[in-house]
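Q: output the structure for:
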Amino acid sequence: MADTYEVVVLGGGTGGYSCALRAAGLGLKVALVEKGKVGGTCLHRGCIPTKAFLQAAEVAEHARTAGEYGVRATFDGVDILDLLRYKDQIVTANWKGLQATMKARGVETIAGSGRLKDARTLVVSTEDGERTITASKALVLATGSTPRSLPVEGAEIDGETIVTSDDAMTLDRVPERPIVLGASAVGVEFATVWHGWGAQRVTLIEALDALVPREDADTSKALARAFKRAGIDVLTGAKITKVEKGDGEVRVWTEDGKSFEGDLLMVATGRRPVSEDMGFEDAGVSLEAGFVTVDELCRTGVSWDGGAQYAVGDVIPTLGLAHASFQEGFLVAEHVAGLRVRPIDYLGIPRVYYSHPEIGAVGYTEQQLREEGIEYDTATHPFSHNARAMMMRGTGHVKVLAAKGNGPVLGIHVVGPHATDLIAEGQLIYNWEALPTEVAEFIHPHPTLTEAIGEAHLALAGKPLHG
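A: Numbers count the residues shown, from 1 in each chain. Down below sits the predicted model:
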C-alpha cells in the first residue's frame, strides 16, 4: 500500500525544506524524503559552516592588525580542533532548530533514499525496508548538488591532499601552502579562510580571465587588488593540465608550462546536480547536462490528473544560491496551493561572496548591459571616501548602473566591508525599479557604511556630496 500525501518533496536542502514548510503552513499534507540530514549542503557542508570559518578568519585578522588601531594584541595561530568544535556548534544548533520547526509545522520527514517509480511516486529505501510514497498534488525534486571533480590527469580527489569543499569542512589541519582551483564563491572564500588562519602562502588559480567571473568587471578588479595587497597569489586565465601528488605535497601545471607547489589542492570548480540513477528520465523528467529542465514556475512538464511535478534548488540550472532556493520553494508551494505567484526575476536576487573584502551584487553587470545594447549611466563611490569604512581600514566601492537619463536602477555592485549586508538595500532599489533621484532622497545615517550606497546615487542624480 502506498502512503499518499498532497505534496512529496525529494531532498531536504534549502529548496526542499522551504517548500515543505510553506506547503504545510498553507494546510497541505506534506512528506519530505531525505537520505542524510535536513538542511542539505548549505547547512552542513556549505553556507553555514564556511561562514563560521570566515568569521574565525576575520577575528584572526583583527588580532593580526590590532596595532593599526592602537590595540595591543598578538596572533598566535588557530587551534583547529577548537575551531571545528565552534563550527559544529553553529551547525548543530541550526539543525536542531530546523528539525523542531519541521515537526511543529506537521511535515513528516522520512529518512531514506528515494527513487522515482513514476511521475508521482517514490520508492524510498529506509532502515526498515522499502516504502512507497505517492503525491496527489505535487512531487517536488530537490536533490541538490555535489562538488565537481577536475577532469585532469592526477587530480583524483583523495580527501587529504586533493580535496573538495566538502572535505575541507572536517580538515584537521591548517594547510601551509594551499592551492585553490576556481575563483567563484567557494574558491575566494576558502582562499580568505586559509590566509586568515595563517597559511604561509595561498595560491588562487582561475581558468577564466577574472576572479568572481560572473560579477561586474570593476568588482573583480577590486577583489584582485585586495588579494594582492593581502599577499594571496592570484593567477587568472590559467587552465590546469596536470596534477602530481607526492608525500604530503602536490604540484599543478598550467597549459603555458608554469607549475605551482603546495601541501594541499582544493578543487573548487563548481558543483554538479544530483540526478543520476534516481529514475528521473524513466519517469519523464527532461535533463540537460544533468540539470532538470523547468519552466518559469519550476514545473518539469510532467503532470497527471490533479497534480504536477516540480524541481527546485541546485538540481535546476538557476543561481545555485540558498536564498534563491528558498524563493523557489515558496513559489512552488504557493502555486500548488492555488495562490497567485510570479516568476522569479533571478537578476533581482542578491549574489553574495564572503571573501575579505566581501562582495554583494544585484541586477545587471556593466558587461551585460553592453552585450544587450542597453544605454546606461554609472557612478562609483569608493569606500576610501567613507568615514566608517576608513575606521575599519575598508577598501572597495559601491557602483550603481541606471538606465540612461535618470532611468531605473539596473544594477548595484558592492565590494568592501559588510557588502553582503549592504546589498539588501540594493535589492529593494533594483526590485522596486527606483530612480537614482528617488534613492538620492533617502537619508542614510552618518557615519555608516550605507552612506556609500546613498553617495553613489547622489552622484547619479547630479548632486554628489563627498565623491
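Q: how is the protein carved up into domains?
A: Structurally, the chain divides into domains by automatic domain parsing as follows: 3-146+272-346, 149-269, 357-460.
Q: quick one: average confidence on stretch 228-237?
A: Averaging pLDDT along stretch 228-237 gives 96.
Q: tally of neighbours for the residue nearest to His397 when sequence neighbours are not counted?
A: In space, and not counting its chain neighbours, His397 is closest to Pro382: 4.6 Å by C-beta to C-beta, 6 or more residues apart in numbering. Heads up, the C-betas are built off the backbone N, CA and C, glycines and all. Pro382: 20 surrounding residues under other C-beta atoms under 10 Å.
Q: next one: the one 5 residues further on
A: Other residues near Ala387 number 12, with proximity taken as other C-beta under 10 Å.
Q: please apply the same query to the one 3 residues further on.
A: Close neighbours of Met390, defined as other C-beta under 10 Å, add up to 12.
Q: my read is it is in a helix, agree?
A: Yes. Looking at Met390 with DSSP: H, G, I helix; E, B strand; the rest coil, it is inside a helix.
Q: from Ala222, how far off is the residue nearest to it when sequence neighbours are not counted?
A: Leaving aside its sequence neighbours, Met390 sits nearest to Ser384 (C-beta to C-beta, 6+ apart; 7.1 Å). Shown here: Ser384 relative to Ala222, a distance of 11 Å by C-beta to C-beta, to the nearest Å.
Q: higher neighbour count, the two?
A: Neighbour count, other C-beta under 10 Å: between Ser384 and Ala222, Ala222 has more, with 25 against 12.
Q: quick one: residues in contact with the strand or helix carrying the more buried one.
A: In this assignment (DSSP states H and E), Ala222 forms part of helix 217-230. Contact with helix 217-230 is made by 188, 191, 195, 204, 210-213, 234, 236, 355-357, 359, 361, 365-367, 380, 395-397, 399, 413, 415, as judged by C-beta atoms under 8 Å, 6 or more residues apart in numbering.
Q: that older thread, what's the overlap in contacts for Ser384 and Ala222?
A: Thr395.
Q: pull the contacting residues for Asp295.
A: Gly301.
Q: in a strand, it, correct?
A: No. Read with three-state DSSP, Asp295 is coil and lies in no strand.
Q: please report how far it lies from Tyr310.
A: For Asp295, the distance to Tyr310 - C-beta to C-beta - is 10 Å.
Q: next one: Val124
A: Where Tyr310 is concerned, Val124 sits at a distance of 18 Å (C-beta to C-beta).
Q: and those two? which has more neighbours close in?
A: The neighbour count for Val124 versus Tyr310, taken as other C-beta under 10 Å, is higher for Tyr310 (29 against 23).
Q: tell me the bridge partners for that one.
A: Val140, Arg299 (DSSP bridges).
Q: now Ala379
A: Bridge pairing for Ala379 - DSSP bridges - gives Val400.
Q: change the start of the numbering to 19 and stick with it
A: Got it, the first residue is 19 from now on, which makes the last one we talked about Ala397.
Q: quick one: the helices in the stretch 369-485 of the chain?
A: Secondary structure of the stretch 369-485 of the chain (DSSP state H, counting those that start in this stretch): helices located at 384-389, 405-409, 437-449, 454-457, 469-478.
Q: closest to the centroid, which residue in the chain?
A: Closest residue to the average C-alpha location of the chain: Leu339 at 4.2 Å, with C-alpha atoms, centre = their mean.
Q: need the contact list for that one.
A: Counted by C-beta under 8 Å, 6+ apart, Leu339 has contacts 367, 369-370.
Q: now swap in Glu376 and tell me
A: Contacts of Glu376 by C-beta under 8 Å, 6+ apart are 370, 432-438.
Q: do you know how far Glu86 is from Met410?
A: 11 Å.
Q: who's more crowded, these two?
A: Just comparing Glu86 and Met410: by other C-beta under 10 Å the higher neighbour count belongs to Met410, 14 against 9.
Q: settle this for me: the more buried one is touching Pro435, isn't it.
A: Yes. Judged on C-beta atoms under 8 Å, Met410 makes contact with Pro435 at a distance of 5.1 Å.
Q: hmm, Leu159 and Val303 touching each other?
A: Yes. Between Val303 and Leu159 a contact is recorded at 7.2 Å, counting by C-beta under 8 Å.
Q: what is in contact with those two at once?
A: 310, 318, 327, 329.
Q: most neighbours of all the residues you listed, which one?
A: Ala329 (28 neighbours).
Q: could you list the buried residues of the longest helix along the chain?
A: Secondary structure of the chain per DSSP state H: the longest helix is helix 98-123. By neighbour count on 16 or more other C-beta atoms under 10 Å, the buried set for helix 98-123 is 101-102, 105, 109, 112-113, 116, 120.
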